[in-house]
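S.K.: Sequence and predicted structure, then a few things I'm wondering about:
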Amino acid sequence: MAPAPTTPEFSRTVRLDQIGLATQSLDIAADETERLALARRFGLRSIDSLEAHYALDADRGGWIARGTLRARVVQACVATGQDVPESVDAPFAIRFLRDAEPAAEEVELSEDDCDVMTIEDDRIDMGEAIAQTLVLNLTPYPRAPDADEYLRKMGVRTEEEAGPLGALRDLLGKSAKG
């Protein structure tokens, strides 16, 4: 997950002593100022909405938040720079532990595995957890619908044209002309 700033732009803290034994169902949403700051931090054109509905439960020496993240964002197309709107509607499960250590080596996670975040000062920051979950659910290389056409006009070849068969076609085409 992306490193959190010293003071998160979207902070919704829950004190551990306020979490009861029964499941708590909560809703949070980022306001316009928070969305603007998060968009700057994550290099997005805009975040038009960001909200989450979740339940928070005690779980194996920590706490777990399960819920759904919903957002509307605009990213820049990696080829053209045009705006690429995206809607996110993603389930999540985040485990909060007092001493969560990052894995020393890369580990493959199953569907039952959760993202893990560290509890700091006996508080869980669900806003920051949701902000990081948003980034993990975005399209990593957004492309505008006309990106391929734009790239062709700029002289960029497709993989098929630039690969070994494309080079062979170019050679055959040159020898036929000669």
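M.R.: Thanks, I have the structure now.
S.K.: Next, please give the residue ranges for the helices of the chain.
M.R.: Per DSSP state H, the chain carries helices over the ranges 32-42, 126-136, 147-153, 159-162, 164-177.
S.K.: got the contact list for the first one?
M.R.: Translated: helix 32-42. With C-beta atoms under 8 Å, 6 or more residues apart in numbering as the contact definition, helix 32-42 has outside contacts at 2, 5, 9-10, 30, 44-50, 73, 127, 131, 134-135. Just so you know, the C-beta spots here come from the backbone N, C-alpha and C atoms, and that holds for glycine as well.
S.K.: Quick one: buried ones out of these?
M.R.: Buried positions within the contacts of helix 32-42, assessed by neighbour count (16 or more other C-beta atoms under 10 Å), are 9, 10, 30, 44, 45, 47, 50, 73, 127, 131, 134, 135.
S.K.: The fifth one is in contact with residue 81, isn't it?
M.R.: Yep, that's residue 45 we're talking about. No: distance between residue 45 and residue 81: 9.9 Å, which falls outside the contact criterion (C-beta atoms under 8 Å).
S.K.: on that earlier part again, and the furthest pair within the buried ones among the contacts of helix 32-42?
M.R.: With distances taken as C-beta to C-beta, the most widely separated pair in the buried ones among the contacts of helix 32-42 is 45 and 127, at 21.1 Å.
S.K.: The closest residue in space to residue 78 that isn't next to it in sequence and residue 59: what is the separation?
M.R.: Closest residue in space to residue 78, ignoring its immediate chain neighbours: residue 141 at 4.8 Å, by C-beta to C-beta, 6 or more residues apart in numbering. Residue 141 sits at a distance of 35 Å from residue 59 (criterion: C-beta to C-beta, to the nearest Å).
S.K.: same question, residue 146
M.R.: 47 Å.
S.K.: do the same with residue 149
M.R.: On the measure of C-beta to C-beta, residue 149 and residue 59 end up 50 Å apart.
S.K.: can you pull the contacts of the closest residue to residue 139 other than its chain neighbours?
M.R.: On the basis of C-beta to C-beta, 6+ apart, the spatially nearest residue to residue 139 that is not a chain neighbour turns out to be residue 86, at 5.9 Å. For residue 86, the set of contacting residues under the criterion of C-beta under 8 Å, 6+ apart consists of 72, 73, 74, 75, 138, 139, 142.
S.K.: For these, which single residue is the most surrounded?
M.R.: Taking other C-beta atoms under 10 Å to define a neighbour, the member of these with the most is residue 73, carrying 26 neighbours.
S.K.: From residue 128, how far off is it?
M.R.: Residue 73 is 17 Å from residue 128, where distance means C-beta to C-beta.
S.K.: can you check residue 56 too?
M.R.: Computed with C-beta to C-beta, the distance linking residue 56 and residue 128 is 14 Å.
S.K.: next one: residue 70
M.R.: Taking C-beta to C-beta, one finds residue 70 at 17 Å from residue 128.
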